[in-house]
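K.L.:
okay, structure incoming, though there's no sequence with it:
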C-alpha cells in the first residue's frame, strides 16, 4: 500500500452514522437542525507512515444506530409517483419539490423526452432530498385527567382536545390521567399516567403521505398504533432513556422503566426494531425486549404474558357500575385494566393497576366501549389483552333518593325505600346488597312505583341500597350512589312522654312517626301484654283512656304501622307509676304521673 504514496501522507476514512434532522423551512438549504458525528463517532480512522500501517479503531460501531442510518440511506432513495391524467412536470414540481429544486431537474432525473406530455401510469422518481418538507404538528385527540403541555421557554398549560402541539412540545400526565395524540399520517400515541414525552421531530414530506415522527419518552409508558409507511422516508421512532424503538406500521407499547423495572418494548402487531449503541433486537408480535441500561444492548426477546381468561359468570357490564373478574395468570404480579373506545382503542376512558383478579368500575361515558385486561409479569412487562366489547347507553340519570337517609339505622327487618321520579322514567330497579360493589345483590326488584319495601326480611347488620330508572323501552339507566343502611333488632324508641292524668282520664303521648304512619298502643299491668288493659290503633301519636281506680304500675308500648300495612316491632315497654286509689272528680286538677323506663 506504500507504493505511490508520499512519505508521511495521512489519510482518514470516515464512516458516519449520524442522523440529519429535517429543517422546518421549505428550502432546506440550511444546516440548522442537523446532528453531525462527534469526534469519537468517526469510524474507522486509518493513518499511514513510513513505519507501516497503523489501524486505530475507535469505540462503538453503529449497531444501535441502524434506525438512524436508515434515514441517511432514505435520503439517497427516490419516492415514486405514478402519473395521472392531466399531470405536468411543472405542476408536480410545484406540488412536491422544494422551491430550490426546479422542474427541469426532475425532468433530467427521469430522462423525460417530452415534458408537455406525460403518459398516465408512468412512474416518476423524486429524490427524497428534493422533496418539500413542512412542519406537521400533533393534534390532541382526547384528554383524561390533569395533563400539562408546554414548549421550551414557555409556561405549561392544561391540554385540551383539539390543541395543536408543535415540535419541541413536552407533555406531562398526572395521576389517573392520559392523553391521546394523532400525527400527520393518523398514527396515534397514548401517553399514560405519570409519564413525560417530548416531541422531537414532526415533519411531513408535502403531499406525499410520508411523515417523520420522532418522540422521546422520558418517563412512564406509552402505547402506539402506527400507520403503515407510505414511502422510504416515512419514520416513527420513540427514544427511551436506554433504547430507541423504530417502526413502520405496527401496534406496540414502550416503557421508560421506573420503580425498579427495566425499560421495555412490547409488540402486539407488526415488528419493532429496538437498539442502542451496543446492539439491536428485532421484536416480533407477541414478544418483548427489556433494556435495563444504556450501557448494554437490549436483552433477548421474551414472550408476552398470556391474556387472562375473563370469568363470564362474574362479568356484568351493564347497567353500571361494571363488574369484571378473570382467572389468575401464573407468575403475574398484577394486572392492568383499561376501558377504551371500541372505535378508537387509543382513547383511554378508565385505567387501573390492581393485584386483584376482579374490578369494580363505578362510572363510564356512554357509547361502544371495550374492556381490556392484561397480566403484568414480575419484570413489569405487560402481556396480551383479554378484550370484551360492550355498550353503555346514555340512559336515564339515577333518581334522587328520599328514604332511608344516608347511614340510617332502622328497626325493621323489611325496610321501605323511596325515591323521586326521573322525567321519562316508567319504572325503577331497587338493589340491596351486603357490600357496596353489589357483586351479589340480595334483592333486585323492578317496580312501577317510586317506593318499595324489601321483599325479604333482612337480618340485623349493615347493607347498601341503590336505585336506577328504567325508560319506556325497558332500558335501565345508571344506578345511583350506594347508600349505607343498618338494620337493627333493637326495639325502636317510641319517645313516650310522661302520662297526663286528670278528670278520671289518662293521656299518653309518644314520638310521631313518618307521614302516613298509624300507631298501635298497648297498656298492660303485668308487662307480658297477654291480656292488655288497652290495645288500640290510632292515627295520631296519642291515646286517652279511663284512669284505672287501682294504683300500681302500668306497662306501655307502641308499634308503628306504615301506610301499606307493614307493622314494625313494638317499642321497648315503659312503666307508668300510678298513685294508689286516686279518684278524680269533676274539676279536679291534672298532674303528670311518673314515667319509669325498664
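P.N.:
Perfect, thanks for sending it. Note that the structure is predicted; figures quoted are calculated from it, not measured.
K.L.:
point to the residue nearest the middle of the protein.
P.N.:
The centroid of the chain falls nearest to residue 350 when counting by Cα atoms, centre = their mean (1.6 Å).
K.L.:
go ahead and confirm that residue touches residue 324.
P.N.:
No. Using Cβ atoms under 8 Å, residue 350 is not in contact with residue 324, being 11.2 Å away. The way it works is simple: take the backbone N, C-alpha and C, and place the C-beta from them, glycine included.
K.L.:
hey, what's in contact with both of those two?
P.N.:
Common contacts of residue 350 and residue 324, defined by Cβ atoms under 8 Å, 6 or more residues apart in numbering, comprise 337, 361.
K.L.:
so where is this structure shaky, pLDDT-wise?
P.N.:
For the chain, the stretches with pLDDT under 70 are 1-76, 549, 579-598.
K.L.:
and the contacts of the one helix or strand the residue nearest to the centre of the chain maps to?
P.N.:
Per DSSP states H and E: residue 350 is located in strand 344-354. Residues from elsewhere that reach strand 344-354 (Cβ under 8 Å, 6+ apart): 141-142, 144, 176, 178, 180, 188-190, 192-193, 223, 225, 334-341, 359, 361, 364-365, 369-370, 372, 376.
K.L.:
so what are the sheet partners of the next helix or strand after that strand and their directions?
P.N.:
Note on strand 344-354: by DSSP H and E, the next helix or strand toward the C-terminus is strand 358-361. Here strand 358-361 has these sheet partners by DSSP bridges: strand 322-325 (antiparallel).
K.L.:
so which elements touch the next helix or strand after the partner strand?
P.N.:
Per DSSP H and E, the first helix or strand lying C-terminal to strand 322-325 is strand 334-341. Under the contact definition 3 or more Cβ pairs under 8 Å, 6 or more residues apart in numbering; DSSP states H and E, strand 334-341 sits against strand 344-354, strand 367-376.
K.L.:
could you dump those strands to CSV with distance to residue 200?
P.N.:
CSV is the format used below for the helices and strands packed on strand 334-341 (distance: least, Cβ to Cβ, whole Å):
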stretch, distance to residue 200
strand 344-354, 20
strand 367-376, 29
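K.L.:
which strands border the helix or strand hosting residue 428, and is each parallel or antiparallel?
P.N.:
Applying DSSP H and E as the criterion places residue 428 in strand 427-433. With DSSP bridges as the test, strand 427-433 is paired with strand 443-447 (antiparallel), strand 461-470 (antiparallel).
K.L.:
out of the ones you listed, which is the most enclosed?
P.N.:
strand 461-470 (a mean of 21; mean count of other Cβ atoms under 10 Å).
K.L.:
distance from the chain centre to it, please.
P.N.:
Computed by Cα atoms, centre = their mean, to the nearest Å, the separation of strand 461-470 from the middle of its chain amounts to 26 Å.
K.L.:
ok, now stretch 113-131?
P.N.:
49 Å.
K.L.:
in that stretch, what's buried?
P.N.:
118, 124, 126-131 (16 or more other Cβ atoms under 10 Å).
K.L.:
which strand or helix spans the closest residue to residue 529 other than its chain neighbours?
P.N.:
Nearest residue to residue 529, sequence neighbours excluded (Cβ to Cβ, 6 or more residues apart in numbering): residue 522, at 5.4 Å. Residue 522 belongs to strand 518-524 when elements are defined using DSSP H and E.
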